[in-house]
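Asker: what's the 3D shape of this:
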Amino acid sequence: MHIGILQTGHAPQAVLERDGDYDAMFARLFRGHDFDFTTWNVVDMEFPEGPSDAEGWLITGSRHGAYEDHPWIPPLEELIRAIHRSDRPLVGICFGHQIIAQALGGTVEKFGGGWSVGRRDYHWNGDTVHLNAWHQDQVIAPPPEAVTLAHNDSCAHAAFAIGDRIMTVQAHPEFTDSTVDTLIEHRGPGVVPDDRLATARAGLGAGVDSAAIADRLAAVLKGARP
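Answerer: Predicted structure coming up:
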């Protein structure tokens, strides 16, 4: 199955050197699902011709805010709406989760409670799921037609679905401990409060449920219900 990756940012240099860019992380995350990937660097104004350029779509994370004034955000929002109209499957991670929400009528804001970084617990349809996070922005109000799938005390809409074809996740199932460790060392200082970095560092090695969430996302891309 041909999946188009809409890359909305590039990993920091230290992460690039250790783990590769975001599209490489997703290729590893979905290993074994028989996906072929093409990346469009929309952050660099590189866009597909339209939804038919891939059978399914994935929007990555980014250091940018969905509400910021960048020239690539309006055409990305229009592409999201076109993919939705086309009935092709679409998944979004972190910024991807946020920009899909915003494009389809939801609201994204910088969370007043500050940063969520490292291993976090999420209540997901009665289960507890552990995933790595790295964000301050979040979806405050999901699109009108969305159903919230997951939440925790600091993120009310940590995952949502729209019908059978769209599923989004605020956390980063593609982030390994290696990725989080590198972010703690190279992106966190001076940006994320020291106590939250310390908590994130203490959580390294405790295990996350990335493979299980990857299976759920892959199932949506293949046409199953979220």
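Asker: which residue is nearest the middle of this structure?
Answerer: For the chain, the residue nearest the mean C-alpha position is I93 (1.0 Å; C-alpha atoms, centre = their mean).
Asker: Mind listing the residues bridging to it?
Answerer: Per DSSP bridges, the residues bridged to I93 are V169.
Asker: Now for it: which residues touch it?
Answerer: 26, 58-61, 168-169, 171-174 (C-beta atoms under 8 Å, 6 or more residues apart in numbering). Glycine gets a C-beta too; all of them are placed from N, C-alpha and C.
Asker: ok, which stretches of this structure are helices?
Answerer: With helices called from DSSP state H, the chain shows them at 13-19, 22-29, 73-86, 95-103, 177-186, 194-202, 210-221.
Asker: between those helices, which one is nearest to G4?
Answerer: helix 73-86 (9.1 Å; C-beta to C-beta).
Asker: I'd like the helices of the chain as TSV, with mean neighbour count appended.
Answerer: Converted to TSV, the helices of the chain look like this (neighbours: other C-beta atoms under 10 Å):
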stretch	mean neighbour count
helix 13-19	15
helix 22-29	20
helix 73-86	17
helix 95-103	27
helix 177-186	18
helix 194-202	14
helix 210-221	19
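Asker: wait, which of those helices is closest to L149?
Answerer: helix 210-221 (9.0 Å).
Asker: Can you tell me which helices and strands that closest one packs against?
Answerer: strand 56-59, strand 90-93, strand 127-135, strand 166-169 (3 or more C-beta pairs under 8 Å, 6 or more residues apart in numbering; DSSP states H and E).
Asker: what about 7 Å?
Answerer: When contacts are defined as 3 or more C-beta pairs under 7 Å, 6 or more residues apart in numbering; DSSP states H and E, helix 210-221 sits against strand 90-93, strand 127-135, strand 166-169.
Asker: What is the second one packed up against?
Answerer: Under the contact criterion of 3+ C-beta pairs under 7 Å, 6+ apart, the helices and strands touching strand 127-135 comprise strand 116-124, helix 210-221.
Asker: Just the C-alpha atoms of the longest one, please, in PDB.
Answerer: Once side chains and other backbone atoms are set aside, the C-alpha atoms of helix 210-221 remain, and they are given as PDB (Å, rounded to 0.1, in the frame of the first residue of the first chain):
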ATOM      1  CA  SER A 210       4.200   2.300  20.400                       C
ATOM      2  CA  ALA A 211       3.800  -1.000  18.500                       C
ATOM      3  CA  ALA A 212       0.200  -1.400  19.600                       C
ATOM      4  CA  ILE A 213      -0.700   2.200  18.600                       C
ATOM      5  CA  ALA A 214       1.200   1.700  15.300                       C
ATOM      6  CA  ASP A 215      -1.000  -1.300  14.600                       C
ATOM      7  CA  ARG A 216      -4.100   0.800  15.300                       C
ATOM      8  CA  LEU A 217      -2.900   3.500  13.000                       C
ATOM      9  CA  ALA A 218      -2.000   1.000  10.300                       C
ATOM     10  CA  ALA A 219      -5.400  -0.600  10.500                       C
ATOM     11  CA  VAL A 220      -7.000   2.800   9.800                       C
ATOM     12  CA  LEU A 221      -4.700   3.300   6.800                       C
END
